[in-house]
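Novice: Output the structure for:
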Amino acid sequence: MEHSIHYISKFDTCFFERYARTVLISLLGSEFEGLENKDRPDLQDKFKSIGIEVTRAIEESKFTALSLINDLSGEKNFSFEKADFESIKNSGYVYGLHDDWVGYQEYIYWKIALPLKRIIESKVSKVSRGFYGDFEDLGLFVFLKENLSAEAIIKVMDFTMSLQKYKRRRYRMLYFFQSTTFYVCDLQKAQCSAIELNKKQLQMFYQQALEK
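Specialist: Numbers count the residues shown, from 1 in each chain. All right, here's what the predicted structure looks like:
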């Protein structure tokens, strides 16, 4: 094993789905407790016809990937006790405990992340083609590395609405999560609300997302 890179046999791609589910339940209520981690879309409640796709909008770099995970944890620099490390390791992630500590599979996975505009265009196109099925309440949950202003979020919401204008299948909700604010955008009503976040909440979301 090389000194600078630690290879992890299993990469847990469900970490972000669990994190998103925890955020939705904690901040928006029990309506989302029935969500299960499936595929197409990532979170589903077939009984309530809720489907939510989860994705990330980041620059394609190892530094940005690790920095985003740090933000989601509520910590800028990790200082876990030894007892906590096993749960971190088992989750499929290593977190930048020093500058060049990263799982190889994690790095490959993050290389496919796309900038926000391209994500929106791609996801809207897939929804319109029926790629995510016929859920009545379709949503897109996006983790943002850069803290966007409310004005920027509104512009993204307007852009999404313009793409969907004449499409039968469309997103009803957009959820933008960043380390300071959670934006909830209702595209049917053309309304957006912001929920301010604190470090304690981020730590709770993160710890629950580590649990399988």
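
Novice: tell me the contacts of the spatially most central residue of the chain?
Specialist: Closest residue to the average C-alpha location of the chain: Phe143 at 4.0 Å, with CA atoms, centre = their mean. Taking CB atoms under 8 Å, 6 or more residues apart in numbering, we find Phe143 in contact with 16, 19-20, 54-58, 68, 72, 177-178. In this view, the C-beta of every residue, glycine as well, is placed from N, C-alpha and C.

Novice: can you redo those residues as a markdown table with pLDDT?
Specialist: Converted to a markdown table, the contacts of Phe143 look like this (pLDDT from 0 to 100):
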| residue | pLDDT |
| --- | --- |
| Phe16 | 88 |
| Tyr19 | 93 |
| Ala20 | 95 |
| Val54 | 92 |
| Thr55 | 88 |
| Arg56 | 83 |
| Ala57 | 78 |
| Ile58 | 67 |
| Leu68 | 75 |
| Leu72 | 80 |
| Phe177 | 95 |
| Gln178 | 91 |
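
Novice: and these, which of them are in helices?
Specialist: 16, 19-20, 68, 72 (DSSP state H).

Novice: Quick one: buried ones out of those residues?
Specialist: Buried subset of the ones in helices among the contacts of Phe143 (neighbour count, 16 or more other CB atoms under 10 Å): 16, 19-20, 68, 72.

Novice: And those residues, which is closest to Ile195?
Specialist: When those are compared for distance to Ile195 (CB to CB), Ala20 wins out at 14.0 Å.

Novice: The nearest residue to Leu174 once chain neighbours are set aside: neighbouring residues, count only.
Specialist: The shortest distance from Leu174 to any non-neighbouring residue, by CB to CB, 6 or more residues apart in numbering, is to Cys185 (4.0 Å). By the criterion of other CB atoms under 10 Å, Cys185 has 25 neighbours.

Novice: Confirm Ala209 sits in a helix?
Specialist: Yes. Per DSSP: H, G, I helix; E, B strand; the rest coil, Ala209 lies within a helix segment.

Novice: Just give the number of residues close to it.
Specialist: 23.

Novice: and the residue nearest to the centre of the chain, helix, strand or coil?
Specialist: strand.

Novice: Only the buried residues of stretch 148-158, if you could.
Specialist: Buried, per 16+ other CB under 10 Å, within stretch 148-158: 148, 153, 156-157.

Novice: any chance of those residues in a markdown table, with distance to Arg169 too?
Specialist: Output for the buried residues of stretch 148-158, formatted as a markdown table (distance: CB to CB, whole Å):
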| residue | distance to Arg169 |
| --- | --- |
| Leu148 | 26 |
| Ile153 | 23 |
| Val156 | 20 |
| Met157 | 18 |
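
Novice: Mind putting those residues into a markdown table with pLDDT and secondary structure?
Specialist: A markdown table is the format used below for the buried residues of stretch 148-158 (pLDDT from 0 to 100; DSSP: H, G, I helix; E, B strand; the rest coil):
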| residue | pLDDT | secondary structure |
| --- | --- | --- |
| Leu148 | 85 | coil |
| Ile153 | 92 | helix |
| Val156 | 91 | helix |
| Met157 | 93 | helix |
